[in-house]
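Asks: here is the input, now give the coordinates:
(one chain, ligands or ions: 1)
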Amino acid sequence: MKTIAVYYSLNGNSHLIAERIKTTLGADTLRLEPVKSMPKQGFMKMFQGGKQALFGDMPALKPYRLDVDQYELLILGGPVWAGSPAPALMNFLQQTKFSGKKVALFCCHGGGKGRTFSKLRDALSGNTILGEIDFPNASKQDVQTLNAKLDAWLRDISTR
Ligand SMILES: Cc1cc2nc3c(=O)[nH]c(=O)nc-3n(C[C@H](O)[C@H](O)[C@H](O)COP(=O)(O)O)c2cc1C
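Replies: As a prediction, the model looks like this:
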């Protein structure tokens, strides 16, 4: 099943997941990049990112090329910000409309995924959601355990 992982990652956790999806499934990847870069650390990271997520701001994304028709399965993911999907992913879904696709969702967070999956599901109506998986504190997890969890999920969604 031709697959692409479309994701945003500020601090690298979601990137690690996407890279593993790439090697395990032979998937393509598309990393979303906002035009205006965010601070990666400290108060301003939490302040700016939290403000965007809470007020529904969607920062402009650098141009990307994606022919959704090429893919049977889209795996979408990124970090949780203020209990919601990071705004870059929501912006992608607003810019790139599609329906009738198989979709699977992942998120990385520090302990609480909040309404991330329900918001993504709402934005993805008209598609079939095969599954969702979350990774708490991914950077602190043992890589083999994390990969085993992800690979089991990928096997599961690939059979649907
Ligand atoms: C602005 C901002 C808001 C965040 N809000 C939450 C949150 O509501 N719940 C949570 O568990 N983690 C929250 N986090 C932590 C990230 O979701 C977590 O560190 C995640 O693994 C980062 O993924 P990344 O490395 O792909 O960017 C927040 C991080 C940032 C920068």
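
Asks: what count of nearby residues applies to the residue of the chain found nearest the ligand?
Replies: Per CB to the nearest ligand atom, G49 is where the chain lies closest to the ligand, at 2.5 Å. No exception for glycine: its C-beta is placed from N, CA and C like everyone else's. Residue neighbour count, defined by other CB atoms under 10 Å, stands at 20 for G49.

Asks: again, but for G100
Replies: If you count neighbours by other CB under 10 Å, G100 ends up with 8.

Asks: try V80
Replies: With other CB under 10 Å as criterion, V80 counts 23.

Asks: SS state for it?
Replies: Secondary structure, DSSP: H, G, I helix; E, B strand; the rest coil: V80 is strand.

Asks: what's the closest residue to it other than its chain neighbours sitting at in phi/psi?
Replies: Using CB to CB, 6 or more residues apart in numbering and skipping the chain neighbours, the partner closest in space to V80 is H109 (3.8 Å). Per-residue torsions, H109: phi -160, psi 170 (degrees, to the nearest 10).

Asks: just L154 next, same as before
Replies: According to degrees, to the nearest 10, L154 has phi -60, psi -40.

Asks: for it, list the residues it contacts.
Replies: I21, T24, L25 (CB atoms under 8 Å, 6 or more residues apart in numbering).

Asks: what parts of the protein come near the ligand?
Replies: 9-14, 45-46, 49-50, 79-83, 108-112, 114, 138 (CB under 6 Å from any ligand atom).

Asks: name the element the residue sitting furthest away from the middle of the chain belongs to?
Replies: In the chain, the residue that sits farthest from the middle, by CA atoms, centre = their mean, is F43; the gap is 23.3 Å. Here F43, judged by DSSP states H and E, is contained in helix 42-55.

Asks: please consider this matter closed, and thank you.
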